[in-house]
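Enquirer: Okay, here's the prediction I keep looking at, along with the sequence it came from:
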Amino acid sequence: MHKVDEDRHSLLKVHPENKKELPLVGVFATRSPVRPNPIGVTVVKLLERQENVLKVLGLDAYDGTPVLDIKPYLRRGDLIEEAIMPDWLLRLWEMQDSGR
């Protein structure tokens with residue numbers, strides 16, 4: 001996210017995954033890297049720790065991306081079974097499943 005061009009940080013609406021057939025929605029409703037504040041969140045698997053160095057699997061970032069904070073994953077707090085999703089997100093998943 002810190003590699004996104006500065007001029008794109010002012011965009012407040014995007015088409016999810018740049019698919020023009022999906023509605024223009026607020027950037028905070030998406031996981032777009034185009035954000036006013038280039039901070040992201042990702043879940044990783046901790047493989048090993050040596051002193052203050054963590055070895056992880058699944059980090060969704062470029063090599064050299066600054067890490068601001070780390071937190072434990074809590075199934076109780078991070079998985080919300082009754083959460084609802086907007087229609088455009090369900091359509092996006094259908095598009096991905098069909099290869100579009």
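Expert: Happy to help now that I have it.
Enquirer: Okay, now the unreliable bits of the chain?
Expert: By pLDDT under 70, the low-scoring segments of the chain are 1-2, 4, 9, 75-80.
Enquirer: Which helix runs longest in it?
Expert: helix 87-97 (DSSP state H).
Enquirer: residues near L92, how many?
Expert: 19 (other C-beta atoms under 10 Å). Where C-beta positions appear, they are placed from N, C-alpha and C, glycine not excepted.
Enquirer: Spatially nearest residue to it, not counting backbone neighbours?
Expert: Nearest residue to L92 in three dimensions, chain neighbours excluded: P16, at 5.4 Å (C-beta to C-beta, 6 or more residues apart in numbering).
Enquirer: from what I can see that neighbour touches L24, true?
Expert: No - the criterion here is C-beta atoms under 8 Å, and P16 misses it with L24 at 9.2 Å.
Enquirer: Compare the two (neighbour count), which wins?
Expert: Higher neighbour count among P16 and L24: P16, with 20 against 11, using other C-beta under 10 Å.
Enquirer: Could I get the phi/psi values of P16?
Expert: Main-chain dihedrals, P16, degrees, to the nearest 10: phi -50, psi 130.
Enquirer: Would you mind listing the residues in contact with it?
Expert: L22, V25, T30, S32, W88, L89, L92 (C-beta atoms under 8 Å, 6 or more residues apart in numbering).
Enquirer: now the second one: how far from W88?
Expert: Relative to W88, V25 is positioned 7 Å away (C-beta to C-beta, to the nearest Å).
Enquirer: same check, this time on the fourth one
Expert: When C-beta to C-beta is the yardstick, S32 and W88 sit 13 Å from each other.
Enquirer: The longest helix of the chain - contacts with which helices or strands?
Expert: The helices and strands touching helix 87-97, judged by 3 or more C-beta pairs under 8 Å, 6 or more residues apart in numbering; DSSP states H and E, number zero.
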